[in-house]
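> need a 3D model of the following:
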Amino acid sequence: MIARQLISKCIHARSAVNFHPFQDGHQLFIQIPQPNLDYLHHSMLDLLHQNRSFQALEIVKKQIREVGVTHVDEISTALATKACSGDPKLGCQIHGFALTSGLDSFLSVSNSLMNMYSKAGQIDRAMAIFEKLTNPDIVSWNTLLSGINNSNDALTFACRMNHIGITFDAVTYTSALAHCADCEEFLFGIQLHSLVLKTGMQSECFIANALITLYSKWERIVDAEKVFDEMPMKDLVSWNAMLSGYSQEGSYGEQACTGRLEGDEGLMRRIPGRGGNGIGIPVLQSLLGNCKVYGDFEVGEVLLKMEPTKSGSYVLLSNLYAEMGEWDEVARIRKSMKERNVKKVVGLSWVDVCDVGGYSSTHVFSSNDMSHPRMMEIYWMVGVLGVEIRFLKG
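Purely as a prediction, here's the structure:
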């Protein structure tokens, strides 16, 4: 939200200086004797996109040190504030600079400051900045609405927006609906859904996902299904929200979900996975726990067909059959793994070990691991602890 506002202001700067998109902004900047604002903006944006906030702040300091504060504008300040998100101590320093330089009068700077304080959990400071704004835009309102942690307070703020005639956008609806789900404000959620329909924004994926989550939490799975079915485009969040709703609905949820998936692997393959390609297998694996309750493992069997070389679905389904006492099925799955040469990935654990001198190291190990150099001492101590536990249990 804040980033889009800042990036739009930097479009001209990026085109004017003809940067290569993959250049290292930090290295590029420090090599220029007296970089202008176009270079500063571009370098900071590149570093923020790479999650290198510290370097982004460093080049602002370099600009101030070598050229002076007059060569730091509102875009640089807003970007520097964004780099401080989650660190109110650094953010307060940028805030102080904005106040003394007068750059806080720019809306982009104020919005970025509110975003920074909200992420740091200091909503009172964000609200104080907001109340001083003479003409807040929708980004200002949404920044505060999204940053308020208490759902009742957030919905009160949303009512204030509606009362004074602020036109809600997709971000506003999504945030407000999320708060409705958290505090079970059923009627307010229904009113928001009505407004979404009136404004024709029901096709927005973010809004539809929030509505599905909302109805699922209220155990109104049929309404959630209606929203889901009417979505022109669905992403992984859409499927996760719907599947989560089914998992809360007992036998109806399991049957409805199986009815959507069984016999239609084409449909299952349209559930997006990470990267946007192929099925989101972890999404479907989450169904197996609910299938176990009703002794229906059809989803799991389809998963085996779709991932015949991956061990995860085999192990999960085998464990579920074992819990149900279906040992013939367990044997069948293990035989299938052997025939297809599917190897179970060894589960690893790790522990931080600190010696007397204060030096710490991390040791990674698996079940029956004998590789640690002090293995004999470790197993001896485990034995001692086992004896003490049995003694304490009497």
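> tell me the pLDDT at the most centrally placed residue in the chain?
Compute the mean C-alpha point of the chain, and by CA atoms, centre = their mean the closest residue is Val237, 10.3 Å away. Note on Val237: pLDDT of 85.
> whichever strand or helix holds it - contacts with which helices or strands?
Remark: Val237 resides in helix 236-247, with elements defined by DSSP states H and E. Using 3 or more CB pairs under 8 Å, 6 or more residues apart in numbering; DSSP states H and E, the elements in contact with helix 236-247 are helix 205-217, helix 221-229, helix 250-261, helix 281-285, helix 288-293. For the C-beta atoms, the positions are set from N, CA and C on the backbone; glycine is no exception.
> recalculate using a threshold of 6 Å.
Helices and strands touching helix 236-247, as assessed by 3 or more CB pairs under 6 Å, 6 or more residues apart in numbering; DSSP states H and E, comprise helix 205-217, helix 221-229, helix 250-261, helix 281-285.
> tell me which residues of the longest helix along the chain are tucked away?
Counting by DSSP state H, the longest helix found in the chain is helix 375-393. The neighbour-count criterion (16 or more other CB atoms under 10 Å) identifies Ile378 as the buried residues of helix 375-393.
> quick one: distance of it to the chain centre.
Computed by CA atoms, centre = their mean, to the nearest Å, the chain-centroid distance of helix 375-393 equals 41 Å.
> ok, how many other residues are close to Leu214?
In terms of burial, Leu214 registers 28 neighbours under the definition other CB atoms under 10 Å.
> spit out the contact partners of it.
Contact criterion CB atoms under 6 Å, 6 or more residues apart in numbering gives 177, 180-181, 189 as the residues in contact with Leu214.
> repeat that for Met116.
Residues in contact with Met116, defined by CB under 6 Å, 6+ apart, are 81, 84-85, 91.
> if you set the cut-off to 10 Å instead, what comes out?
Taking CB atoms under 10 Å, 6 or more residues apart in numbering as the criterion, Met116 is in contact with 2, 78, 80-88, 90-92, 94-95, 122, 125-126, 129, 143, 147.
> before we move on, the earlier item: between the contacts of Leu214, which is nearest His372?
The shortest gap between His372 and any of the contacts of Leu214 belongs to Ala181, at 47.2 Å (CB to CB).
> roughly how far apart are that closest one and Thr213?
When CB to CB, to the nearest Å is the yardstick, Ala181 and Thr213 sit 6 Å from each other.
> between the two, who's got more neighbours?
In this comparison of Ala181 against Thr213, neighbours counted by other CB under 10 Å, the higher total goes to Thr213 at 23 against 19.
> with adjacent residues omitted, what lies nearest to that one?
Distance criterion CB to CB, 6 or more residues apart in numbering; nearest residue to Thr213, sequence neighbours excluded, is Ala241 at 4.8 Å.
> so that neighbour makes contact with Val227?
Yes - Ala241 lies in contact with Val227 (CB atoms under 10 Å); the separation is 9.4 Å.
> any common contacting residues for the two?
Taking CB under 10 Å, 6+ apart as the contact rule, Ala241 and Val227 both touch 208-216.
> now the residues you listed as TSV including pLDDT and distance to Gln55?
Rendered in TSV, the data for the shared contacts of Ala241 and Val227 read as follows (pLDDT from 0 to 100; distance: CB to CB, whole Å):
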residue	pLDDT	distance to Gln55
Ala208	94	38
Asn209	94	34
Ala210	93	35
Leu211	94	40
Ile212	93	40
Thr213	91	37
Leu214	91	40
Tyr215	91	44
Ser216	87	42
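> ok, those vs Glu185, which is closest?
Among those, Leu214 lies closest to Glu185 (CB to CB), at 9.6 Å.
> show me how far stretch 220-239 is from its chain's centre.
The chain centroid and the centroid of stretch 220-239 are separated by 19 Å under CA atoms, centre = their mean.
> mind saving the C-alpha coords of stretch 149-165 as CSV?
Only the C-alpha atoms of stretch 149-165 are listed here, as CSV (Å, rounded to 0.1, in the frame of the first residue of the first chain):
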residue,chain,number,x,y,z
ASN,A,149,-4.9,-4.5,16.6
ASN,A,150,-8.1,-4.4,18.6
SER,A,151,-10.9,-5.5,16.2
ASN,A,152,-13.6,-3.5,17.9
ASP,A,153,-11.6,-0.3,17.7
ALA,A,154,-10.8,-1.1,14.1
LEU,A,155,-14.5,-1.5,13.2
THR,A,156,-15.3,1.7,15.0
PHE,A,157,-12.7,3.4,12.8
ALA,A,158,-14.2,1.8,9.7
CYS,A,159,-17.6,3.2,10.8
ARG,A,160,-16.0,6.6,11.1
MET,A,161,-14.7,6.3,7.5
ASN,A,162,-18.1,5.3,6.2
HIS,A,163,-19.9,8.1,8.2
ILE,A,164,-17.8,10.9,6.7
GLY,A,165,-18.1,9.5,3.2
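> and it, what's its mean pLDDT?
This predicted structure assigns stretch 149-165 an average pLDDT of 92.
> now restrict the contacts of Met116 to buried residues only.
2, 78, 80-85, 87-88, 90-92, 94-95, 122, 125-126, 129, 143, 147.
> surely Ala208 and Asp223 touch.
No - between Ala208 and Asp223 there is no contact under CB under 10 Å: 12.0 Å.
> more crowded one of those two?
Ala208 (27 against 18).
> residue contacts, the more buried one?
Contact criterion CB under 10 Å, 6+ apart gives 173-174, 177, 196, 201-202, 227-228, 230-235, 237-238, 241 as the residues in contact with Ala208.
> which elements pack onto the helix or strand hosting Ala331?
Of the helices and strands defined by DSSP H and E, Ala331 is found in helix 327-339. Helix 327-339 is packed against helix 298-306, helix 311-323, with contacts defined by 3 or more CB pairs under 10 Å, 6 or more residues apart in numbering; DSSP states H and E.
> quick check: buried residues in it?
When neighbours are counted by 16+ other CB under 10 Å, the buried residues of helix 327-339 are found to be 329-330, 333, 337.
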